[in-house]
Structure formats: structure tokens, C-alpha cells
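# Coordinates only, no sequence provided:
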């Protein structure tokens with residue numbers, strides 16, 4: 001009998017979330033699985049429970065939450081040293097990773113996916129000692145995600161991020177001087193934003209890193225340089241189509257390893273959570289994370 005651990009962030013999603021979890025549990029029990037639920041209460045609970053699962057020989061983990069929950073589970077897998085297959089229930093404000101994989105949201109389809117057992121081994125990024133499934137970033141608006149309260153996310157969903165972003169606009173587009181060192185790109189310049197991404201969809205924008213792939217063994221780096229208002233408007237206007245990477249004030253490249261430092265106090269956002277400050281070394285860890293997907 002296979003054992004499944006459900007790691008659930010109860011603050012993710014809306015009222016229908018618990019009903020969805022209940023339906024999945026009943027379905028999996030009917031299929032003959034042993035199912036145990038674990039509800040997180042604070043930061044790092046999901047990571048620590050995942051490490052515990054690695055040591056206790058659980059067969060499958062179901063991660064229920066947004067990108068933050070997904071990040072903790074991925075860190076737990078990497079630190080636990082056993083590549084347990086992970087199924088993702090997208091129930092947070094944003095879950096870019098689940099969106100990229102096209103995972104089913106219907107409980108019956110989701111349980112059928114688990115029973116089929118088809119998976120992909122995908123890459124993880126690492127910033128210093130923190131692994132990420134999706135993105136690490138610094139600069140303008142990157143602190144928005146970890147400034148929004150759990151209550152606001154639950155009530156407003158993805159709109160909570162946009163509302164918080166609007167509050168940041170009056171502070172202006174203040175550039176910071178940053179130094180980048182990699183085999184593909186080395187420069188010291190004033191920038192508004194940098195993104196080091198493992199996937200194409202970031203913050204709900206599906207083509208923010210339009211050439212990124214979660215299985216190519218590379219990180220996609222996007223740098224928006226110091227710009228006037230007209231250029232900023234042009235760049236952001238083209239975000240939805242992915243054409244922003246052709247703007248002269250945007251640098252876009254792929255790398256396995258990049259070092260970023262700054263004389264300013266530049267914080268890093270990792271999968272929507274605070275991840276410390278620069279300097280940091282960003283690397284790719286190929287095929288480090290096993291995710292259950294539809295055949």
C-alpha cells in the first residue's frame with residue numbers, strides 16, 4: 001500500500017479549498033492509498049515536514065498551496081536527499097509552477113493523475129542556500145509579494161498583488177547599481193529590476209521570461225536597466241506578449257551560474273518570499289525535483 005502525505009497551507013485559497021481536499025482524500029482512500037494530512041501553521045513547516053517525509057519513506061507528497069508552499073516542499077526535497085514524487089494542488093493566490101505544468105484542478109482528474117504515476121524531473125534554482133522552483137528577483141516591486149498579508153491574499157486573490165503594487169508606485173522608479181558576473185554576461189550598471197528565473201510564468205505573467213524551460217538545465221536572466229518613464233511604459237506594455245526582451249534597455253540571457261552584488265541594500269525575493277539581501281550566487285540544479293504530471 002502506497003503512503004501519501006498531504007502538506008496543506010490552510011491560509012491558501014478560498015472557502016472551496018477544504019472541500020476540494022476532502023474530495024481528493026476520499027478518492028485516494030477508495031483507490032487503496034494510505035493518506036495522512038499535515039496542516040502548516042508557520043514559515044518552514046512545509047519544508048520541515050517534507051524533510052521528515054524523506055526520512056520516513058513516504059511514497060508521494062501532495063503539496064496544497066501557492067508558490068510559497070511549493071518552494072518549501074522543494075527545499076525539503078533538496079535537503080532531505082530523496083526525490084519523492086510531488087503532486088501539486090494549486091490553491092494559493094498564484095501558483096505559476098502548477099500553471100506551467102498544466103496540472104488538473106478537478107479532484108477526480110487529479111487523483112487519476114496520481115494513480116497513473118507519470119512524472120517529470122525538473123530543474124531547481126538555488127540562490128545562496130535557498131532553492132527555488134520558479135524565480136529569484138530583486139529591485140522595483142519585488143518586495144510586493146511578501147508585504148501582502150495572508151488575509152488579503154485570501155480575500156482578493158491575485159488582485160492583492162496588484163493592489164500592493166499600486167501602493168509602491170508613488171515611491172518612484174529608483175535605480176540601484178548592481179554588478180553581474182557570469183560566463184555569458186558581466187556588467188556593472190544601474191538597473192530597476194533583475195529576475196533569475198527557472199520558468200516562463202512569474203507572478204501570473206506567463207511570458208515574463210518567455211524562453212525559459214523547467215527542464216533545460218539553465219536559468220533565464222532578465223535585467224531592466226535604468227529607464228525614463230516612456231521606456232518603462234513601453235517595456236511593461238509588451239510584458240504580456242514577451243516582446244519586452246527586445247527593448248534596448250532590457251538584457252535577457254541564459255546561464256548555469258551567475259553572481260550578483262550591489263553596494264546598495266538590495267533584497268531578494270524567492271518564489272514570493274523574502275530571501276535575504278545581495279550579494280548572492282545563483283545556480284541551476286538540473287532535474288532535482290520530481291513532479292507528477294498528466295500523461
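Great, that's in hand. Everything numeric in this text was worked out from a predicted model, so none of it was measured.
# mind listing the strands for the stretch 151-295 of the chain?
In the stretch 151-295 of the chain, the strands defined using DSSP state E, counting those that start in this stretch lie at 176-181, 186-197, 219-225, 250-255, 257-262, 267-270, 273-277, 280-292.
# Residue 124: which of those is closest?
Closest approach to residue 124 among the strands of the stretch 151-295 of the chain is made by strand 280-292 (4.4 Å; C-beta to C-beta). All C-beta atoms are positioned from the backbone trio N, CA, C, and that covers glycine.
# Output the strands of the stretch 151-295 of the chain as a markdown table; include the columns mean pLDDT and distance to residue 140.
Below are the strands of the stretch 151-295 of the chain laid out as a markdown table (pLDDT from 0 to 100; distance: least, C-beta to C-beta, whole Å):
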| stretch | mean pLDDT | distance to residue 140 |
| --- | --- | --- |
| strand 176-181 | 96 | 9 |
| strand 186-197 | 95 | 5 |
| strand 219-225 | 96 | 8 |
| strand 250-255 | 98 | 14 |
| strand 257-262 | 98 | 14 |
| strand 267-270 | 91 | 11 |
| strand 273-277 | 90 | 16 |
| strand 280-292 | 98 | 18 |
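# Could you say which one of these comes nearest to residue 24?
strand 280-292 (12.9 Å).
# How far away from the center of its chain is stretch 44-55?
Between the centre of stretch 44-55 and the centre of its chain there are 18 Å (C-alpha atoms, centre = their mean, to the nearest Å).
# List the buried residues in it.
45, 46, 47, 49, 50, 51, 53, 54 (16 or more other C-beta atoms under 10 Å).
# now do stretch 8-25
Buried-residue list, stretch 8-25, by 16+ other C-beta under 10 Å: 8, 9, 10, 11, 12, 13, 17, 20, 21, 24, 25.
# State the mean pLDDT of the one helix or strand residue 122 maps to.
Here residue 122 sits within strand 119-127, counting by DSSP states H and E. Averaged over strand 119-127, pLDDT sits at 97.
# Please name every helix or strand in contact with that strand.
Strand 119-127 sits against helix 67-80, strand 130-132, strand 135-139, strand 186-197, strand 280-292, with contacts defined as 3 or more C-beta pairs under 8 Å, 6 or more residues apart in numbering; DSSP states H and E.
# For those, give me a markdown table that also has distance to residue 1 and mean neighbour count.
Converted to a markdown table, the helices and strands packed on strand 119-127 look like this (distance: least, C-beta to C-beta, whole Å; neighbours: other C-beta atoms under 10 Å):
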| stretch | distance to residue 1 | mean neighbour count |
| --- | --- | --- |
| helix 67-80 | 22 | 24 |
| strand 130-132 | 31 | 25 |
| strand 135-139 | 38 | 27 |
| strand 186-197 | 39 | 19 |
| strand 280-292 | 18 | 19 |
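# Same list, the ones you listed, but as TSV with distance to residue 205 please.
Below are the helices and strands packed on strand 119-127 laid out as TSV (distance: least, C-beta to C-beta, whole Å):
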stretch	distance to residue 205
helix 67-80	13
strand 130-132	17
strand 135-139	11
strand 186-197	10
strand 280-292	20
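# do you know which of those lies nearest residue 241?
Taking these one by one with C-beta to C-beta, strand 186-197 is closest: 17.0 Å.
# how about the nearest residue to residue 271, chain neighbours excluded?
residue 71 (3.8 Å; C-beta to C-beta, 6 or more residues apart in numbering).
# Contacts only, for that neighbour.
By C-beta atoms under 8 Å, 6 or more residues apart in numbering, the contact list for residue 71 reads 131, 132, 133, 134, 270, 271, 272, 273.
# Against residue 39, how distant is it?
When C-beta to C-beta, to the nearest Å is applied, the distance between residue 71 and residue 39 equals 18 Å.
# pLDDT at residue 104, what is it?
So residue 104 comes in at 89 (pLDDT).
# re the thing from before, return the distance of the residue nearest to residue 271 relative to residue 129.
According to C-beta to C-beta, residue 71 and residue 129 sit 13 Å apart.
# next one: residue 206
29 Å.
# So between those two, which is more surrounded?
Per other C-beta atoms under 10 Å, whichever of residue 206 and residue 129 has more neighbours is residue 206, with 17 against 11.
# Find the nearest non-adjacent residue to that one, please.
Spatial nearest neighbour of residue 206, excluding adjacent residues (C-beta to C-beta, 6+ apart): residue 200 at 6.5 Å.
# who does residue 255 bridge with?
Residue 255 forms beta bridges with residue 219, as assigned by DSSP bridges.
# And for it, the neighbour number?
Each residue near residue 255 was counted by other C-beta under 10 Å, and the total is 18.
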